[in-house]
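> Have a look; sequence and predicted model below, questions after that.
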Amino acid sequence: MTSNPLLDELAQREYQHGFVTNIESESIPAGLSEDVVRVISKKKDEPGWLLDWRLKAYRHWLTMQEPTWAKVHYPAIDYQKIVYYSSPKSVSEDRPKSLAEVDPELLAMYEKLGVPLKEREILAGVAVDAVIDSVSVATTFREKLKELGIVFCSFSEAVKEHPDLVRKYLGSVVPYTDNFFATLNSAVFSDGSFCFIPKGVRCPMELSTYFRINQADTGQFERTLIVAEEGSAVSYLEGCTAPKRDRNQLHAAVVELVALDDAQIKYSTVQNWYPGDKDGKGGIYNFVTKRGKCAGKNSKISWTQVETGSAITWKYPSCLLLGDNSVGEFYSVALTANFQQADTGTKMIHAGKNTRSTIISKGISAGHGQNTYRGAVKILKGAEGARNYSQCDSLLIGDLCGAHTFPYIEVKNSSATLEHEASTSKIGEDQLFYCMQRGLSAEDAVSMIVNGFAKRVIRGLPMEFAVEAQKLLGVSLEGSVG
Amino acid sequence: MSHALLEIRNLHASIAEDGTEILRGVDLTIRAGEVHAIMGPNGSGKSTLAYVLAGRPGYVVTQGTVLYDGKDLLALAPEQRAREGIFLAFQYPVEIPGVSNAYFLRTAVNAIRKHRGIPELDAMDFLTLLDEKARLVEMEEAMLERGVNEGFSGGEKKRNEVLQMAMLDPKLALLDETDSGLDIDALRVAATGVNALRGPGRAMLVITHYQRLLNYIVPDVVHVLSDGRIVRSGGKELALELEAKGYSWIESGAATPAGAPVGR
C-alpha cells in the first residue's frame, strides 16, 4: 500500500444500478448449438436469408479460437453454460403497441435507471429504444421520426419492416467472419437497434438506446446498425447497466455504422455494466466490436465513449476511412477501479485521400485496476495526404493499479502526417491536499481532478450524457481514497 | 484584548516517513485581528508549522496541543479545518489541469458556506463576488477560466492564492512564503490583496524568509523560528534587526530567547 492514507483503501464503491427486477421471463435452456441458433431465429420469425447468415456465422465460429492477445485475464468462458435468449414474458407474446401496454414493472425499472420513456422525454428530446436482456421493449418518438423518413426501431422490427435495408447493410462493416466475439454475436444476436437516416435529413433529436441485462446467466448479444445516407446527420447515444450478480455475464455486441457521402454519425456510449464487487467477484465481460465505415466522400464518424463499468472491457470502436476527405474520431475515457480490466482503443484505417483521424484516449486506473490503450493507425498506399493525431493520457490513483499503452502505426504513403502524444500522471497527495485545504472532501477532490483530466472527452458528449458521465466518474471512484 | 484564536502549546512534530523531528516545542498565541510574522532560516520548520496547522498528511504530532477557536485543531481532518476557517496560501500552488479556476473556487466556496450553514451561492452571485475579488489582485477574467494554476507564472499563482483567500473568507490565514519568486510589482499586488483582508475578525500568520515582505504587510508581532522553536519574539522592528544582523545572530545564541508572550 502507499504511505499516504488518503490514497490507500481503494475502491469500495457501491454499484447503483444493481437491483434485480422481478419480471417473468421466458428463456431457452443454456447452451449453444445449431438448434439454438434455429430456435432464436424462429422465435423472431426471421426470413430464411437471415437464418442462413446466422448459421454460416455459427459454423465459422466453431473453427475459431478465442483471442488471447488482449491484456486481460479471466477464467475460460464456458459457452455451453450461457443462456442465449431471454425475454420478459409480457413482451414475448404480443409486442405492446403503446407504452400503456408495457409491463408497469418494466417501466418502473427504467424509471429507476433514469431512462426517459414517458412525457418528460419529450422535453428532453430523446427518442429511446430500450433493450432488456434480448428484446427491445419500446421505442418512443417513432411516429415523429417517421414523418422525416427516419427509421428508428428494434433490430427485429427492422428485419420485418425494412428487410432490404437490413440485408444490404448487415455485416457490411463487421462481416460475420470478423472475430471470435463478433462471429458469435452474428450467430445468436437477439435484438438491438436499427437506425436509418435518409438522404439530406438531419435527425432533429438525439436517438438513444438503453441496454440492460436482467436475467441471471444470460448473455446479451445485441446488434446495432446505423445507416446515414448522403448528406444526413445523426447523433446516437447508448447507455448500459446490469444488476449485481456473483457470476460473470457475457456481453458481446456488434455495432455497425455506415456513412455515405457528406453524412455524419456521432455515436456516444456511457457504459456502466456491473463491474464486479471490490474483491473482483462477478461483473460483466464486455467483448464488443464497434466499427464505422466512412464509405462516402466528406463523411464523418465520431465515437465518444465513457467506460466505467464491466469486469472486463475489450472494445475498439474503429473507423474505416474509405471516402476521400472523410474524418474519423475517437474520444475515450476508460476507468478501471477495484479489479476491473480494460483493453480498449481504436483502429483508424486510412484508405481515401486527405482522410483525417483524431484519437483522444484518457485512461484512469484506481485500486487494482488495469487499463490498456491499444490503438492502430494504418495509412494505406492510396491515402494521399492522410493525417492522424493521437493523444493517450493515463492517470493513476494509488500504487497498485496499472496503465499500459500499445500504439501501432503502419504507414504506406509517405505524404501522411502522424502525431502521437502520450503522458502518464498520478493523482498526487499534493493535488489532493490542495483541494482539501480549500474545503473539498477527498472524494470530491478526486472526482474533480478526474473530471478535469477527462474534460476534453466529456465535453464532446451531448449535455445530459455529459452530466451523467461526470457523476459516474465520481461515483466509480468512491472509496478510492480513504 | 480580543480572544485567542490560535493557541499552540509545546508543539512537537516529525516527518512521518523517517521520524525526523522538525518542530521541537513551539509555543504561539495569535488573537483575532492580529498579524504575526514568522521568520527563520531555511530548515527551521516554518513551512512545517503551516502544514501541521493545515493538516497536511505526512507529519506526525508527537507532543503538544493546538487550540483553534477553543477547539482541538489536531483532531480535525484537513477539509474540516479549511471549513472552520483556516486557509493556507501555498508556497508552491498546485496545478489541477482541466478544472477551471472559477469552477474550483465555486465548489470550495460552497463547501465552506454549506459547513457554515449559509446558503450556497448561485452562479450569478458567485460571479459577482468573484469579479469583485479578482479586481483586488488585478486578475483578468481569462485567468479565471483557465485550469487551476495551469501554466500560470509564479506571480500569477501567488495572486491566485490571495484571490482564493479573499473568496473563502478565512478566520486564520497562513501565508507560506507568499513573497518567494515574486518581483517587486507582483509582490506589491499580492500584498495589497492581503492587506485588504486585514480586519478585526481575521488573524494572519505570515511566513517569510526575508524582511522585504514585511515592508508591505506590516506585522503586529514578529517571531523568529530556529531549529523548530520560537527563539525570539518582538515587534515589527525585530524583522529589521534580523535583516541587519542575519540569522547567524539568532543561531549563534547572541539573541535572548523568547520571553513572555508578546501581544497587544
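Thanks, I have the structure now. Numbers count the residues shown, from 1 in each chain, chains lettered A, B, ... in the order given.
> quick one, what contacts B:Leu127?
Counting by CB atoms under 8 Å, 6 or more residues apart in numbering or on different chains, B:Leu127 makes contact with B:Ala102. Every residue, glycine included, has its C-beta placed from N, CA and C.
> For A:Ala466, which non-adjacent residue is closest in space?
Ranked by CB to CB, 6 or more residues apart in numbering or on different chains and with sequence neighbours excluded, the top spatial neighbour of A:Ala466 is A:Ile458, at 5.3 Å.
> ok, that neighbour - contacts?
A:306, A:333, A:451, A:466, A:469-470.
> Over to A:Asn286?
A:251, A:271, A:273, A:309-310, A:312-315.
> check which helix or strand covers it.
Per DSSP states H and E: A:Asn286 is located in strand A:283-294.
> Alpha carbons of the helix or strand following that strand, as PDB, please.
For strand A:283-294, the following helix or strand on the C-terminal side (DSSP H and E) is strand A:300-307. Extracted in PDB, the C-alpha atoms of strand A:300-307 (Å, rounded to 0.1, in the frame of the first residue of the first chain):
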ATOM      1  CA  LYS A 300     -17.500  11.700 -40.700                       C
ATOM      2  CA  ILE A 301     -17.900   9.200 -37.900                       C
ATOM      3  CA  SER A 302     -17.200  10.200 -34.400                       C
ATOM      4  CA  TRP A 303     -17.000   7.800 -31.400                       C
ATOM      5  CA  THR A 304     -17.200   9.000 -27.900                       C
ATOM      6  CA  GLN A 305     -17.100   6.500 -25.100                       C
ATOM      7  CA  VAL A 306     -17.100   6.700 -21.300                       C
ATOM      8  CA  GLU A 307     -16.400   3.300 -20.000                       C
END
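> SS state for the closest residue to chain A within the stretch 1-150 of chain B?
Residue nearest to chain A within the stretch 1-150 of chain B: B:Gly98 (3.1 Å; CB to the nearest CB). Three-state assignment for B:Gly98 (DSSP: H, G, I helix; E, B strand; the rest coil): strand.
> I'd say it and A:Arg459 touch.
No. Contact between B:Gly98 and A:Arg459 fails when scored by CB atoms under 8 Å: they sit 9.7 Å apart.
> who's more crowded, those two?
B:Gly98 (20 against 11; other CB atoms under 10 Å in any protein chain shown).
> The nearest residue to the more buried one once chain neighbours are set aside: what's it in contact with?
Spatial nearest neighbour of B:Gly98, chain neighbours left out: A:Gly452 (3.1 Å); criterion: CB to CB, 6+ apart. By CB under 8 Å, 6+ apart, A:Gly452 lies in contact with B:96-99, B:147.
> ok now do the residue of the stretch 1-150 of chain B closest to chain A, which residues does it touch?
Taking CB under 8 Å, 6+ apart, one finds A:451-456, B:147, B:150 in contact with B:Gly98.
> separation between it and A:Gln470?
From B:Gly98 over to A:Gln470 the distance is 12 Å, taken as CB to CB, to the nearest Å.
> shared neighbours, those two?
A:Asn451.
> Excluding chain neighbours, what is closest to A:Thr417?
The nearest residue in space to A:Thr417 (CB to CB, 6+ apart) is A:Arg387, at 4.6 Å.
> what are the C-alpha coordinates of the helix or strand hosting A:Lys42, in PDB please?
Per DSSP H and E, A:Lys42 falls inside helix A:34-43. The C-alpha coordinates for helix A:34-43 follow below in PDB (Å, rounded to 0.1, in the frame of the first residue of the first chain):
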ATOM      1  CA  GLU A  34     -27.200 -25.100 -34.500                       C
ATOM      2  CA  ASP A  35     -30.600 -25.900 -32.900                       C
ATOM      3  CA  VAL A  36     -30.200 -23.000 -30.600                       C
ATOM      4  CA  VAL A  37     -29.500 -20.700 -33.500                       C
ATOM      5  CA  ARG A  38     -32.500 -22.000 -35.300                       C
ATOM      6  CA  VAL A  39     -34.700 -21.500 -32.200                       C
ATOM      7  CA  ILE A  40     -33.600 -17.900 -31.800                       C
ATOM      8  CA  SER A  41     -34.300 -17.300 -35.500                       C
ATOM      9  CA  LYS A  42     -37.700 -19.000 -35.200                       C
ATOM     10  CA  LYS A  43     -38.700 -17.100 -32.100                       C
END
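> Can you give me the neighbour number for the residue lying closest to B:Asn149 once chain neighbours are set aside?
Among residues not flanking B:Asn149 along the chain, B:Glu95 sits closest, at 4.5 Å (CB to CB, 6+ apart). Neighbour count of B:Glu95, defined by other CB under 10 Å: 17.
> What distance do you get for B:Glu95 to A:Glu429?
Distance from B:Glu95 to A:Glu429, by CB to CB: 14 Å.
> what's the answer for A:Lys278, then?
From A:Lys278 to A:Glu429 the distance is 22 Å (CB to CB).
> before we move on, what about A:Cys435?
A:Cys435 is 11 Å from A:Glu429, by CB to CB.
> ok so, going back, could you report the pLDDT at the residue nearest to A:Ala466?
For A:Ile458, the pLDDT comes out at 83.
> what does A:Ser414 give?
So, for A:Ser414, pLDDT stands at 93.
> Assign a three-state SS to it, would you?
Under three-state DSSP, A:Ser414 comes out as coil.
> Now for it, how many residues are close by?
Around A:Ser414 there are 7 residues (other CB under 10 Å).
> what's the distance between the closest residue to chain B within chain A and A:Ala334?
Per CB to the nearest CB, A:Gly452 is where chain A lies closest to chain B, at 3.1 Å. According to CB to CB, A:Gly452 stands 17 Å off from A:Ala334.
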